[in-house]
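1. pasting the sequence and the predicted coordinates here, then a few questions.
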Amino acid sequence: MALEHLTKESFKEKVFNFELNKEWKFEGTVPVIIDFYANWCGPCKMVAPLLEELQTEYGDKLTIYKVNTEEQQELAGMFGIQSIPSFLFIPSEGQPQMALGALPKETFKSAINNVLKVSIN
């Protein structure tokens with residue numbers, strides 16, 4: 001299952017309209033993970049299949065998006081992305097949290113459970 005790549009426009013529509021809102025206001029209906037990556041980044045490539053697996057496992061309980069930091073420099077800059085991969089975990093309610101580096105699958109599952117409040121069972 002290919003993950004959707006966000007542009008500035010689709011990000012504003014699906015995640016956060018930063019041109020309308022100063023304060024964080026989530027536009028989505030289910031929790032989101034955003035993978036900030038680049039094509040040249042080795043660890044990003046290692047994590048990519050994991051994210052696709054997670055999207056398949058969790059189905060419509062959460063959405064995983066990708067942001068190419070080379071193509072979407074404004075979005076990357078907005079979140080102060082210095083190193084990749086970086087992952088933004090966005091719960092339905094409350095503030096998003098950032099995690100840095102290539103995480104193992106169990107760590108993703110733990111964050112999905114604890115930060116996003118989503119479980120498979």
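-> Structure's in. What do you need? Here the structure is a predicted model, which means the values were calculated and not measured. Residues are numbered from 1 along each chain as shown.

2. in the longest helix along the chain, what counts as buried?
-> Looking across the chain with DSSP state H, the single longest helix is helix 42-58. Neighbour-count burial for helix 42-58 flags 44, 47, 48, 50, 51, 54, 55, 58 (criterion: 16 or more other C-beta atoms under 10 Å). Just so you know, the C-beta spots here come from the backbone N, C-alpha and C atoms, and that holds for glycine as well.

3. distance of the second one from residue 74?
-> To tie it back to what came earlier, the one meant is residue 47. Residue 47 sits 23 Å away from residue 74, taking C-beta to C-beta, to the nearest Å as the criterion.

4. residue 74: what secondary structure?
-> Secondary structure of residue 74, reduced to three states by DSSP: H, G, I helix; E, B strand; the rest coil: helix.

5. you'd agree it is up against residue 8?
-> Yes: judged on C-beta atoms under 8 Å, residue 74 makes contact with residue 8 at a distance of 5.8 Å.

6. what about these two, which has more around it?
-> residue 8 (16 against 10; other C-beta atoms under 10 Å).

7. next, the contact list for the more buried one, please.
-> 72, 74, 75 (C-beta atoms under 8 Å, 6 or more residues apart in numbering).
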